[in-house]
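Enquirer: Predicted structure and sequence below. I'll ask about it afterward.
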Amino acid sequence: MAPKKKKEIDQDERFQAIVLTDSFMTRFMPLTSKTPRCLLPLANVPLIEYTLEFLAKAGVNEVYIMCSSHADQIQQYIKNSKWQSDDVDSPFTVTTILSLESKSVGDTMRDLDNRGLITGDFLLISGDIVSNINFEKALEFHKFNKANDKEHILTMCLTNASPYHRTRTQIDSAVFLLDKPTNKCIYYQSIPSSNLPQTSINLDLELLEDIDDEILVRNDLIDCHIDICSPLVPQIFQDNFDYQLLRSDFVKGVLTSDLVKKTIYAYITNEYASRVSSFQNYDAISQDILSRWSYPMVPDSNFNLTSYSYETNHIYKEDKILLAQSCKIGDCVCIGSNSKIDEGSSIIKSTIGRNVVIGKNVKISNSYIWDNVKIDDDSVIENSIIANNCQISTNTRIYKCVLGYDVKVASDKTLNFVRIIDKPIERVNDFEFSDDEEDSQTQQSQGFSIKESEDLVGKNGVGHVYISEVESDSEIDEDEKSLHKIGHNFRMLNLSDDSIESVTKKRRKKTRRFSTNSVVSTDFEVLSDEDEEEDFNKEAIDTITRSIENNHDLDTALLELNTLRMSMNVTYHEVRLATVESLIKRVLHFITTKTLEPKDALIKVFNSWGMLFKRQIFELNDQIDLLFTLQNVTSNLDKAYNQILLFWSIQILYQLDIIEEEMIFKWWDSEESVETDKLINVRGLTEKFIVWLKEAEEESDED
Amino acid sequence: MTGEFDITKVYLKFLEDDAEMTMPIAAIESLVDMLKVKQPSTSSELINLVKHNTDKLKSSISNAISLSAGCDLFMRFVLRNINLYSDWESCRKNLVENGELFVQRAKESRSKVAEFGVPFIKDDDTILVHSYSRVVHQLLIKAKKEKMIRFRVIVTESRPSEKGYHMAQVLRDSDIPTEVIVDNAVGYVIHKVDKILVGAEGVAESGGIINHIGSYQIGCLAKTNNKPFYVVTESHKFVRLFPLAPNDLPTQMHQLLQNANSMSFSNDHGLLTTQQIDFTPHEYITALITDLGVLTPSAVSEELIKIWYD
Amino acid sequence: MVKELTIEILALVDPVVDKLKRHQLSGDKTIALEISQLLMRVISAARWNSPFELIQIIRQVGKTLNTAQPKEIITGNIVRRVLAIIRDEVEEEDQDKDQTMMNSIFSLLSTQKPDKKIYQQSKKQSSDFRSIIIQGIRDLVDEITNVNEGLENMAVDLIHDNEILLTPTPNSDTVLKFLLKARSKRKFTVLVTENYPNGIEQAHKFVKTLADHKIETVLIPDTTVFAVMSRVGKVIIGSNAVFANGGCLSNSGVSSVVECAKENKTPVFAVAGLFKLSPLYPFNRDDLIEVGDSGKILNYSDFKLVDNVDLVSNPLNDYIPPEHIDIYITNIGGFAPSFIYRIVLDNYKPEDTHLD
């Protein structure tokens, strides 16, 4: 681990801001398959512009943009934007940092700490914020508390709202317990939306021991992750490898931990702040911008080289717009330049991008049409998002849909409640990581991800239904339904959220190229070449063996392993490989010394140490990866017992809930698992287990 | 040249030949023509000639306000140049040689007016226009063609000349949605009108305008309904007149219309008397859109003072 | 003749453009001073061969500033004032007085081409010229900083003893100074409207300051204006910008106050520094009036309303038509609205009215 650089905090030092561009979610799939979330247009301006504008206003001097998925696009964008450092115009220096290995906010923070960039208190913000908070006041609040409370490490900027406020995400909503006089945060409890309606939270009474005054329990705050952090924050992340999320891990962890003894304050304001974190939020915030709640972040401020002018009833128009005489532009509409709207069409509460062509008698309401879209006569679009370059033919009806890039819809089609993508995404990697997300209500059944595209978008259309693999139980429970009604139409759109891992994975190979070419600015990327991986493998095996021999507890072993992983900068795949190898090595030790039979040896080792994998597996495809690793390792062993080892190891991992049966089937059915004779051979015994599993599943289905 | 030079004939011919030409310009052109023919040899002869012909022209044409603006302007220009530089010879030469130029400039000034006036027209406006005016026409065309603004136009029929039909026709030819209403219906439509644009035959020193008959009542209606009443005009139509009431206008009051062919009064029984022009006092005018910029009525006298008293 | 600005000048202009876009400059006076300083820096940095090139540069700067914040009238005013300073200087050097005629009605008939003599200024000349212009801008800065002095001097003459005044613009520093100055000789009562929602804090501060100076002050809700108007002797309003036609921009709500004053035949005084006079014509309400934060009208946390109300609009300004104002009091004297165009002509050159 790199030694931490502890620099003295100097109040006069340049104020830094860290922008997290990746949310590690795929709530915006399929749109985020081609563009990172922070470059999606909101009211025709890329999202990140709002954040950067906020930072510029906040008087930040240095901005670090942490990119992981689509990092190249973000870098390119920043390079060509007005913010680029060598441009005299920029109020701060912008540096993009590639953090491709990061899979969570926690990873990013650890990466940040390793790079030693932080020199003082800094602003941690995600790249999708829209806010007009007077940041100076928040900073004052932070400094004031810091002066009074030495342990103060984090100030969260929260805004007043109400529990069912439209911009309050269900996903991120949480209860805050605050000390009334000081706004010190005592407890944090996120409310996963799937559990709605939740009526109680559990609270450890010890937390309240020191409180003499009143406490506030608030479930009406919008938390959009604008945090003023002390340099200790990344260090705490560094010390606690299991912290993944900023709120439910870090904040909750710090508040409940007896060891850390740090304090967190909440700055609560009535100004506007929100975070574009889901489709329903996208809709709500777009409307907020158009109806000027976010003033002065409104289209006619033209901070991003646009040319909007304001007209009564919140209509924003860029120049060179061609409007037919009889078309009707209603309230809260924003139209980009070179767009054309033909006779009889009506638009209300929507944004229209640039170069959009809208035919005759088209009705658009509450929808977001991006650039270069063509919509033919008599179509109706409601509550939908239409991404760039889509083409929609005559007399089509689109309700509550998301159309990805380049989708074409033929005439006379009706689309309801679907997300459409131009090409089906490679499914292999597309699995879930976070487990508290909300499920979708697309009524399609599982495993039916590529619907007949012709049915959907017509003969000349281009488009496939995008179904997130995660939508396990697609039934919507009644509570949720009612919530949707309370909320907003767009809630219906809130399909599932799964991790962005798919994209990150694909990029992984590129990482090396990036770093070796060293074209990429500022990366401190450690070269992860072969030697190092081998080193890691050796050391990791040593570590685990040592732990097993000395009978350390599981957590210590994990901690050491994680430390090793961080310092060597290797992927979890390597960690798993090393773990498998060391466990098998241990098993072999028992077998060769004849102390135990193969089966008993394996059961003993895996039962006590199998839980190691629990902390090494974050998403579904990790499970498959583990299975392959096991298969590979065992296939190279003595044929006398290798089948037994594989069979029992899988069974134990299954019992430990580390591997799910579906993933086992997936692995079993995959071609790679039968590639060589050796691999086929080792599967022998496991087949029974598979058969048993399948039968069991059928039985349960019949129930 | 043997034949007597007839300024009136020349003047009317100018108007006939070029539909785009306005009366003051035609007057100036005919005066220039006159100078070409007459070849005055002294400055006083020049002045006398101009004066004589101006009077002749004014008296022979019934509706003389607009043309008198041109004549006066020309006269003043000649006088001023003679006084200032005592170089009347080169001045005369210049005038004679550059006859074409004036027509060109007049047209330029019209397009300048249009440029100043376009910002007045906004998306989804309904504009009331009285009678036909070249400047108003050009302004609306510019707004439609160059700025691609959406607006509707309501044109008054403007009896007795009925030039409103012509206006409506040319606007409709440019794809501007236009409808014609009878003059009596102005009060009926005024509530849905966003602004009123009219041209002018002449602009008096007070900033009031002399225009096709009916302008005054539209101005009154606009004022009571709080609608902006804009006058679109070139600055060479500013005249040194200070009419207080309509009958101060130097026109023959009982002038019947000459171009009777456009008229179709079936049952007038000789009872109908009508005027062609009326005077709209400055208090009804929101602003004048001219080639000098957008002026308040009070700024008109300023411009006139600039050339007449210095 | 559109010439791109050089990088050095852009480096000076851009930060100001950003500030304007972000609404970081508040207060007309601040903006006016900031722009004058900027132009001074631009003139020091710029290279030119003839004064016309300099004029082009300044016009370009003006255009850039105007696009950054088209609703900010003051920026344009200052740029045009500086242009007028330069043009005056050029004309003085160039004795040809006839140039002024070019823009009058005579332009139709004049025969000599408006040929601009291309004069190459020698280095010496151009540095002299530069310092003259900069001195001119300094004078302008002085005029802006001391704007209240000229105004204050008229205060005593305009306000009578025991008079009741009403001001709907408590955010105007000029109005405050005006009243404080009058207090030195006169005793009077001031009614101040609350200016909900945008100026309520300033209103409270304003009232406090007046009360501290022993002026009898009453804070009234915006809605009671009509009820009290019959007792009011004069209405004093501050203005954000005064247009050539005599109309002006002021706080939202002022329009109804002056309407009410007209109904009661109460005289309305508008106070404005000279730098607020603009040669522009107020074409359209939309072009002039900045629409602000809707959250000030309807609190964003009130979810049920926010979600269900169709439209919330918070215009920050009102356009006051000239017929509703009786007199403008500027630092160079009082004028009728219909005379404003004349003052504008004195301070600006007509050729600069349109910067592009």
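Expert: Right, received. Where do you want to start? Residues are numbered from 1 along each chain as shown, chains lettered A, B, ... in the order given.

Enquirer: which bits of chain A sit near chain C?
Expert: Within reach of chain C by C-beta under 8 Å from any C-beta of the partner chain, chain A has these residues: A:53, A:56-57, A:88-89, A:91, A:132, A:159-162, A:164-166, A:220, A:270-272, A:288, A:291-293, A:295-296, A:301-303, A:307, A:309-314, A:331-332, A:488. (Glycine included, C-beta is placed from N, CA and C.)

Enquirer: Restricted to helices, list the residues you listed.
Expert: A:Glu53, A:Ala56, A:Lys57, A:Asp288 (DSSP state H).

Enquirer: Stretch B:231-249 near chain C anywhere?
Expert: Yes - judged by C-beta under 8 Å from any C-beta, stretch B:231-249 and chain C are in contact via B:Ser235, B:His236, B:Phe238.

Enquirer: Separate out the buried members of the residues of chain A next to chain C.
Expert: A:53, A:56-57, A:91, A:132, A:159-162, A:164-166, A:220, A:271-272, A:288, A:291-293, A:295-296, A:301-303, A:309-311, A:314, A:331-332, A:488 (16 or more other C-beta atoms under 10 Å in any protein chain shown).

Enquirer: if we can go back for a sec, which pair in the ones in helices among the residues of chain A next to chain C has the greatest spatial separation?
Expert: Using C-beta to C-beta, those span at most 20.2 Å, a distance reached by A:Ala56 and A:Asp288.

Enquirer: Would it be right to say that B:Leu79 lies in a helix?
Expert: Yes - counting by DSSP: H, G, I helix; E, B strand; the rest coil, B:Leu79 is part of a helix.

Enquirer: Now that it has come up, it's in contact with B:Ile47, right?
Expert: Yes - between B:Leu79 and B:Ile47 there is a contact under C-beta atoms under 8 Å: 6.9 Å.

Enquirer: can you count the residues close to residue 138?
Expert: In the absence of a named chain, chain A is used. 22 (other C-beta atoms under 10 Å in any protein chain shown).

Enquirer: that's the wrong chain, I meant chain C
Expert: Counted with other C-beta under 10 Å, C:Arg138 comes out at 12.

Enquirer: tell me the SS of the nearest residue to it once chain neighbours are set aside?
Expert: With sequence-adjacent residues excluded and distances taken as C-beta to C-beta, 6 or more residues apart in numbering or on different chains, C:Arg138 is closest to C:Met40, at 7.6 Å. Secondary structure, three-state DSSP: C:Met40 is helix.

Enquirer: need the residues of chain A near chain B, please.
Expert: So chain A meets chain B at A:Glu311, A:Lys317, A:Lys320, A:Ile321, A:Leu322, A:Leu323, A:Ala324, A:Gln325 (C-beta under 8 Å from any C-beta).

Enquirer: How much space separates the last one from A:Ser337?
Expert: The one in question is A:Gln325. The gap separating A:Gln325 from A:Ser337 is 20 Å, by C-beta to C-beta, to the nearest Å.

Enquirer: So which of the two has more stuff around it?
Expert: A count of neighbours by other C-beta under 10 Å puts A:Ser337 above the other of A:Gln325 and A:Ser337, at 16 against 13.

Enquirer: Now the phi/psi pair for the residue lying closest to that one once chain neighbours are set aside, please.
Expert: Leaving aside its chain neighbours, A:Ser337 sits nearest to A:Glu318 (3.8 Å; criterion: C-beta to C-beta, 6+ apart). Main-chain torsions, A:Glu318, degrees, to the nearest 10: phi -90, psi 180.

Enquirer: Show me the shaky parts of the stretch 451-600 of chain A.
Expert: Residue ranges of the stretch 451-600 of chain A with pLDDT under 70: A:451-454, A:467-534.

Enquirer: ok, A:Asp149 - contacts?
Expert: A:Lys184, A:Thr263, A:Tyr265 (C-beta atoms under 8 Å, 6 or more residues apart in numbering or on different chains).

Enquirer: same thing but 6 Å
Expert: A:Thr263 (C-beta atoms under 6 Å, 6 or more residues apart in numbering or on different chains).

Enquirer: for C:Ser239, same thing?
Expert: C:Ser239 makes contact with C:Cys248, C:Ser250, C:Ala270, C:Ala272 under the criterion C-beta under 6 Å, 6+ apart.

Enquirer: Per-residue pLDDT of it, please?
Expert: At C:Ser239, the pLDDT value in this model is 92.

Enquirer: what does A:Thr167 give?
Expert: A:Thr167 is assigned 69 on the pLDDT scale.

Enquirer: likewise B:Thr290?
Expert: pLDDT, read off for B:Thr290, is 91.

Enquirer: Quick check: closest non-adjacent residue to it.
Expert: B:Thr290 sits nearest to B:Ser235 (C-beta to C-beta, 6+ apart), 4.8 Å away.

Enquirer: show me the contacts for the residue nearest to A:Ser337.
Expert: Going by C-beta under 6 Å, 6+ apart, the list of residues near A:Glu318 reads A:Ser307, A:Tyr308, A:Gly336, A:Ser337.

Enquirer: Out of those, which comes closest to A:Asn537?
Expert: Once C-beta to C-beta is applied, the member of these that ends up nearest A:Asn537 is A:Gly336, at 53.6 Å.

Enquirer: The closest one - nearest residue in space that isn't next to it in sequence?
Expert: Using C-beta to C-beta, 6+ apart, the closest residue to A:Gly336 is A:Arg354 (3.6 Å).

Enquirer: residues contacting the one you found?
Expert: A:Gly336, A:Ser337, A:Asn338, A:Asp371.

Enquirer: got it, and A:Thr269?
Expert: A:Ile133, A:Thr159 are the contacts of A:Thr269 under C-beta under 6 Å, 6+ apart.
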